[in-house]
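**Student:** Generate coordinates for the sequence data below:
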Amino acid sequence: VICEVPFPAVADPGLFSAARQAFAAPNGSIFANLKGRGNASGRSFRVQIMPSEEGSRLRLFQTSGSTAEILHDVQEPIVFASAIAVPAEPKVFDLYFPSGLPPSAFMVRA
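**Tutor:** All right, here's what the predicted structure looks like:
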């Protein structure tokens with residue numbers, strides 16, 4: 001996952017170190033309670049980012065209450081995803097899939 005920020009970012013070294021360690025965990029990191037924008041407005045999501053030798057793998061879930069439904073085949077993780085954030089709105093970002101999505105991710109396109 002590549003995060004592009006058009007302005008310099010300042011982070012607490014302790015928090016940055018904890019985030020880096022979380023990404024290195026075998027099951028990666030999970031970001032929950034993400035709200036959709038645009039075509040996904042009104043939908044909630046959870047993203048799991050897992051490390052691998054080929055780069056990060058991403059699993060995308062749509063959530064409703066405590067239930068999470070994966071939006072693609074578990075055997076076909078999304079690879080080479082990027083996120084672009086706006087410093088003025090730190091909780092807002094857009095996901096991009098430059099290498100495309102696996103065939104089973106038709107729900108992500110919806």
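
**Student:** all strands in the chain, in order from the N-terminus.
**Tutor:** For the chain, the strands identified by DSSP state E occupy 2-4, 29-35, 44-50, 57-64, 67-70, 78-79, 82-86, 89-96, in order along the chain.

**Student:** elements contacting the fourth one?
**Tutor:** Using 3 or more C-beta pairs under 8 Å, 6 or more residues apart in numbering; DSSP states H and E as the contact criterion, the neighbours of strand 57-64 among helices and strands are strand 44-50, strand 67-70, strand 78-79. Where C-beta positions appear, they are placed from N, C-alpha and C, glycine not excepted.

**Student:** coming back round to it: just send the strands of the chain back as a markdown table, with mean pLDDT too.
**Tutor:** A markdown table is the format used below for these (pLDDT from 0 to 100):
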| stretch | mean pLDDT |
| --- | --- |
| strand 2-4 | 61 |
| strand 29-35 | 83 |
| strand 44-50 | 86 |
| strand 57-64 | 87 |
| strand 67-70 | 88 |
| strand 78-79 | 82 |
| strand 82-86 | 76 |
| strand 89-96 | 75 |
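
**Student:** can you redo those as a markdown table with mean neighbour count and distance to residue 103?
**Tutor:** What follows is the strands of the chain, written out as a markdown table (neighbours: other C-beta atoms under 10 Å; distance: least, C-beta to C-beta, whole Å):
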| stretch | mean neighbour count | distance to residue 103 |
| --- | --- | --- |
| strand 2-4 | 11 | 23 |
| strand 29-35 | 13 | 24 |
| strand 44-50 | 18 | 20 |
| strand 57-64 | 17 | 15 |
| strand 67-70 | 13 | 14 |
| strand 78-79 | 20 | 12 |
| strand 82-86 | 15 | 20 |
| strand 89-96 | 12 | 18 |
